[in-house]
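Asker: Predicted coordinates and the sequence they were generated for:
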Amino acid sequence: MQELIPISLVAEYVFCPRSAWLAYVAGVFEPNEFTVEGEILHRRVHQRGQGKRSGKKQWRKVPVFSCRLGIVGYADMVEEIDGQFFPVEYKKGKARLRVSDQVQLCLQAMCLEEMLRCPIETGFIYYASSRRRLEVDLTGPLRRLARKSVHGFRELIRQSAPPPAVLSPKCHGCAQCPACMPETPTVEGRFNWEEWLT
Ligand code: SF4
């Protein structure tokens, strides 16, 4: 059986492959104010447990997996309305559909499809700061990107050194910044990752 990989790290790979490599292969992760804020939001959401709201059944922190894709994780919430299931992902910050968040939601949906044996074509991302829920189409191009990202992440974790840093606005607030040192591109030449990993 192929190695099970966490859905959250496939999403991280879409956000920045270097960050995903540092977290999975090198085991580097230093929480910062943004990750702690996200963690608090998720704890709050998960604590509410199972229930019914406006005619919808809701389950929180649902473990999901796909043997076909070799992925595992949690859906923050799964809703059921008239026999149709919808994954809901919670994010801190303002409503802005990021590709990495959509891939995360799509992979959760693909897991649920395999587990529940029913098609899931729509999901939602709830943005805590805006208190808005945006609908995501989980079919077509997003699904292809989600599959491609799982394969890309598997390739990435076979590498003995991380991809080079690419300094961009994403680096602001990235928890891997102290280990990554994106402003010092020559660091790769001086740092022996293989030696560090053994
Ligand atoms: S600091 Fe920038 S380049 Fe480095 S891991 Fe984070 S997002 Fe990627």
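Answerer: Received, thanks. Numbers count the residues shown, from 1 in each chain.
Asker: what's the pLDDT at the residue nearest to residue 34 when sequence neighbours are not counted?
Answerer: Nearest non-adjacent residue to residue 34, counting by C-beta to C-beta, 6 or more residues apart in numbering: residue 173, 4.7 Å away. Yep, even glycine has a C-beta here, placed from its N, CA and C like the rest. Note on residue 173: pLDDT of 84.
Asker: again with residue 108
Answerer: The confidence metric pLDDT takes the value 98 at residue 108.
Asker: Would you mind confirming that it makes contact with residue 64?
Answerer: Yes: if you go by C-beta atoms under 8 Å, residue 108 and residue 64 touch, sitting 5.4 Å apart.
Asker: How about the residues of the chain by the ligand?
Answerer: 16, 18-19, 165-166, 170-171, 174, 176-177, 180, 182 (C-beta under 6 Å from any ligand atom).
Asker: if you set the cut-off to 5 Å instead, what comes out?
Answerer: 16, 18-19, 165, 170-171, 174, 176-177, 180, 182 (C-beta under 5 Å from any ligand atom).
Asker: filter those to the buried ones?
Answerer: 16, 18-19, 165, 171, 174, 176-177, 180, 182 (16 or more other C-beta atoms under 10 Å).
Asker: Now do the SS call for residue 141.
Answerer: helix (DSSP: H, G, I helix; E, B strand; the rest coil).
Asker: Run a quick neighbour tally on it.
Answerer: Residue 141 has 8 neighbours, counted by other C-beta atoms under 10 Å.
Asker: if we can go back for a sec, need the buried ones among the residues of the chain next to the ligand in CSV with secondary structure and distance to residue 51, can you?
Answerer: CSV is the format used below for these (DSSP: H, G, I helix; E, B strand; the rest coil; distance: C-beta to C-beta, whole Å):
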residue, secondary structure, distance to residue 51
16, coil, 36
18, helix, 40
19, helix, 35
165, coil, 44
171, helix, 39
174, coil, 35
176, coil, 36
177, helix, 39
180, helix, 41
182, coil, 43
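Asker: Out of these, flag the one nearest to residue 1.
Answerer: residue 19 (26.8 Å; C-beta to C-beta).
Asker: contacting residues around that closest one?
Answerer: 12, 174-176, 180 (C-beta atoms under 8 Å, 6 or more residues apart in numbering).
Asker: Residue 40: which of the residues of the chain next to the ligand is nearest?
Answerer: Taking those together and measuring to residue 40 by C-beta to C-beta, the closest member is residue 174, at 18.7 Å.
Asker: Can you give me the end-to-end span of stretch 12-20?
Answerer: In stretch 12-20, first residue to last residue: 5 Å (C-alpha to C-alpha, to the nearest Å).
Asker: tell me the mean pLDDT over that stretch?
Answerer: 96.
Asker: Many thanks, have a good one.
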